[in-house]
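1. Got a predicted model here, sequence first, then my questions.
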Amino acid sequence: MTISRRKFLKQSAFTVAGGAFLTNRMMALSMPSKELKELTGVQLYSIRDEMKKDAMGTLKALAQMGYKHVEHANYVNRKFYGWSASEFKKILDDLGMTMPSGHTVMTSQHWDASRKDFTDAWKYTVEDAATCGQDFVISPWLEEGKRKTESDLKSFMEVFNKCGELCQKSGMKYGYHNHDFEFSQKLGDRTVFDIILSETDSKLVIQQLDIGNMINGGAKALDIMKKYPGRFESMHVKDEIAASGGHEKFESTILGKGIVPVKEVIDLGRKWGTKHFIIEQESYQGKTPLECVKEDLAIMKKWGY
């Protein structure tokens with residue numbers, strides 16, 4: 001994780017889309033969870049500048065590399081990278097690609113405590129994710145105000161479970177993606193991550209384990225997986241090396257080049273039920289982002305993914 005990623009998430013957490021209530025069709029929709037198939041994809045934040053400059057050209061480049069699945073990190077005013085949900089799905093369909101998951105920060109602003117219901121903006125977030133064919137709606141940040149006390153966090157985990165129920169109506173699951181603070185910050189005698197895992201219903205809320213981010217929080221993926229076997233349906237596949245600058249000790253790098261035993265981690269994940277393996281690289285050590293994700297995919301294929 002880089003500082004720019006942290007700032008990106010904090011800023012995007014307060015971007016709220018407007019709109020009216022969902023259609024009766026969406027509100028009435030009730031579907032069983034999908035049967036997940038194993039897949040390897042890429043988090044589009046890895047090539048964020050390229051997506052900003054030329055999203056269509058970048059997606060075509062990913063498809064030419066052999067990527068079949070992407071995970072978004074840009075949803076603003078009901079648009080993915082400037083396209084509506086249906087438009088973006090068609091673009092991906094035409095390229096032979098799918099978007100099984102996406103990152104959109106859910107905050108307390110999306111929950112109306114007086115009505116005990118989600119805001120229209122969040123309901124539309126879920127609806128648009130379903131239109132795109134996602135399996136998971138993943139929040140990649142936990143606002144600081146909800147992790148000041150154990151009571152605050154436990155209360156917000158109830159909202160996580162309710163979001164899982166909302167997503168379940170359209171055949172999806174809600175998910176949470178870790179950074180580093182979840183492992184370094186304690187509330188009482190438990191880490192934030194331990195509280196999240198104990199207070200969420202695994203049938204409703206999945207965990208997307210970022211096996212690189214946690215290094216800066218003093219945690220190791222294999223230890224966390226062994227503590228919570230079978231809880232990680234999705235994984236951010238990432239390696240880490242000593243950072244060349246910034247405020248964090250480690251930064252991401254090409255898979256297999258750093259200190260994370262990546263293949264051992266993903267093999268254990270596969271054994272214990274992980275289905276989505278999403279490549280993410282945020283620092284590039286002199287290479288271009290597209291060169292990096294191409295090399296990462298080749299390594300994953302070599303490893304049998």
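-> Cool, got the structure. Keep in mind the model is a prediction, meaning the values are calculated, not measured.
2. where does the stretch 201-305 of the chain have low pLDDT?
-> Within the stretch 201-305 of the chain, no stretch falls below the threshold (pLDDT under 70).
3. Where do the strands of it begin and end?
-> Ranges of strands in the stretch 201-305 of the chain, per DSSP state E, counting those that start in this stretch, are 205-210, 234-237, 239-242, 250-253, 276-279.
4. Relative to the whole chain's centre, how far out is the last one?
-> The one in question is strand 276-279. On the basis of C-alpha atoms, centre = their mean, to the nearest Å, strand 276-279 sits 10 Å off its chain's mean C-alpha point.
5. ok, residues contacting stretch 83-97?
-> 56, 59-60, 62-63, 67-70, 78-81, 98-99, 127-129, 131-133 (C-beta atoms under 8 Å, 6 or more residues apart in numbering). C-beta: built from backbone N, CA, C; applies to glycine.
6. any idea which of the strands of the stretch 201-305 of the chain is most buried?
-> Of all the strands of the stretch 201-305 of the chain, strand 234-237 has the most neighbours on average by mean count of other C-beta atoms under 10 Å, namely a mean of 27.
7. Next step: the contacts of stretch 83-97 restricted to strands.
-> Counting by DSSP state E, these place 69-70, 79-80, 98-99 in strands.
8. tell me which residues in stretch 189-203 are buried?
-> Applying a neighbour-count criterion of 16 or more other C-beta atoms under 10 Å, one finds 191-197, 199-200 buried in stretch 189-203.
9. Any idea how far apart the tips of it sit?
-> 26 Å (C-alpha to C-alpha, to the nearest Å).
10. Off-centre distance for that stretch?
-> Distance, centroid of stretch 189-203 to centroid of chain: 17 Å (C-alpha atoms, centre = their mean).
11. Dump the strands of the stretch 201-305 of the chain to a markdown table, plus distance to Asp117.
-> What follows is the strands of the stretch 201-305 of the chain, written out as a markdown table (distance: least, C-beta to C-beta, whole Å):
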| stretch | distance to Asp117 |
| --- | --- |
| strand 205-210 | 18 |
| strand 234-237 | 27 |
| strand 239-242 | 40 |
| strand 250-253 | 38 |
| strand 276-279 | 29 |
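12. ok, and what's touching stretch 61-75?
-> Around stretch 61-75, the neighbours that count as contacts under C-beta under 8 Å, 6+ apart are 8, 39-45, 47-48, 50-51, 59, 80-81, 92, 95-104, 125, 128, 138, 140, 278, 290, 293-294, 297, 301.
13. Rounded mean pLDDT for that stretch, please.
-> Per-residue pLDDT over stretch 61-75 has a mean of 98.
14. Just the buried residues of it, please?
-> By neighbour count with 16+ other C-beta under 10 Å, stretch 61-75 contains the buried residues 61-63, 67-75.
15. quick check, nearest of those residues to Gly245?
-> Nearest to Gly245, judged by C-beta to C-beta, of the buried residues of stretch 61-75 is Ala73 at 22.6 Å.
16. Excluding residues flanking it in the chain, which one is nearest the closest one?
-> In this structure, Ala73 finds its nearest non-sequential neighbour in Tyr45, 3.9 Å apart by C-beta to C-beta, 6 or more residues apart in numbering.
17. separation between that neighbour and Gly57?
-> To Gly57, Tyr45 is 17 Å away according to C-beta to C-beta, to the nearest Å.
18. Which of the two has more residues huddled nearby?
-> Neighbours were counted for Tyr45 and for Gly57 using other C-beta atoms under 10 Å; Tyr45 has more, 22 against 11.
19. so what's Ser252 up against?
-> Taking C-beta under 8 Å, 6+ apart as the criterion, Ser252 is in contact with 1-2, 212, 238-241, 258, 280-283.
20. what about 6 Å?
-> Residues in contact with Ser252 (C-beta atoms under 6 Å, 6 or more residues apart in numbering) are 212, 238, 240, 281-283.
21. ditto for Gly41
-> 69-71, 278.
22. Most widely separated two among those?
-> Taking C-beta to C-beta as the measure, the contacts of Gly41 reach their widest spread between Val70 and Ile278, a distance of 8.9 Å.
23. before we move on, back to that, dump the ones in strands among the contacts of stretch 83-97 to TSV, plus distance to Leu153.
-> Output for those, formatted as TSV (distance: C-beta to C-beta, whole Å):
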residue	distance to Leu153
His69	32
Val70	31
Lys79	32
Phe80	30
Thr98	33
Met99	30
